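A.B. asks: okay, here's the prediction I keep looking at, along with the sequence it came from:
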Amino acid sequence: MATDLISAEILRIKRELSARFDNDLDRIIADAQSRERDTINLPPRRCPVNQCNPLPATDASGSSEVTASATR
C-alpha cells in the first residue's frame, strides 16, 4: 500500500512536537497558542473596479448572455 505523503508529513511533525515538549500536551497547546498570537489578521483587500470580473448576467431562464462567438 502506498504511503500518503500528507499523512506522513503530519505524523512527522506531530512526533517532533511531542519529542520537543516531552509528550506534555499542555506544553504543546501553550506553544501553539503563543504562536497563534503572533499572527496578524488583515482585512480582505478590495479589487479595483476596473480589474474585477463580475459574474455574467443571466436571463430569466438562467442562461448566460455570453454569445457563442465570445466563447470561441
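C.D. replies: Arrived safely.

A.B. asks: and residue 48, how close does it get to residue 35?
C.D. replies: 34 Å (CB to CB, to the nearest Å). From N, CA and C alone the C-beta is placed, and that goes for glycine too.

A.B. asks: please read the previous query as pertaining to residue 24.
C.D. replies: Remark: distance between residue 24 and residue 35 (CB to CB) = 16 Å.

A.B. asks: of the two, which one has the most company?
C.D. replies: Neighbour tally, residue 24 and residue 35, criterion other CB atoms under 10 Å: the higher count belongs to residue 24, 12 against 9.

A.B. asks: ok, residues contacting the top helix by length along the chain?
C.D. replies: Under DSSP state H, the helix in the chain containing the largest number of residues is helix 5-20. With CB atoms under 8 Å, 6 or more residues apart in numbering as the test, helix 5-20 has contacts from 28, 31.

A.B. asks: could you point out which element follows that helix?
C.D. replies: Once the chain leaves helix 5-20, the next helix or strand it forms, by DSSP states H and E, is helix 25-37.

A.B. asks: quick one: mean pLDDT over that next one.
C.D. replies: Averaged across helix 25-37, pLDDT comes to 90.

A.B. asks: what helices or strands is that helix leaning on?
C.D. replies: helix 5-20 (3 or more CB pairs under 8 Å, 6 or more residues apart in numbering; DSSP states H and E).

A.B. asks: and residue 10, how many neighbours?
C.D. replies: Neighbour count for residue 10, taken as other CB under 10 Å: 11.

A.B. asks: ok, residue 17 next?
C.D. replies: So residue 17, with other CB under 10 Å, has 14 neighbours.

A.B. asks: how many other residues sit next to residue 25?
C.D. replies: Residue 25 has 9 nearby residues by other CB under 10 Å.

A.B. asks: same check, this time on residue 27
C.D. replies: Residue 27 has 13 nearby residues by other CB under 10 Å.

A.B. asks: my read: it touches residue 21, true?
C.D. replies: Yes. Taking CB atoms under 8 Å as the definition, residue 27 is a contact partner of residue 21 at 4.1 Å.

A.B. asks: so where is the chain shaky, pLDDT-wise?
C.D. replies: Across the chain, the ranges flagged by pLDDT under 70 are 1-3, 52-72.
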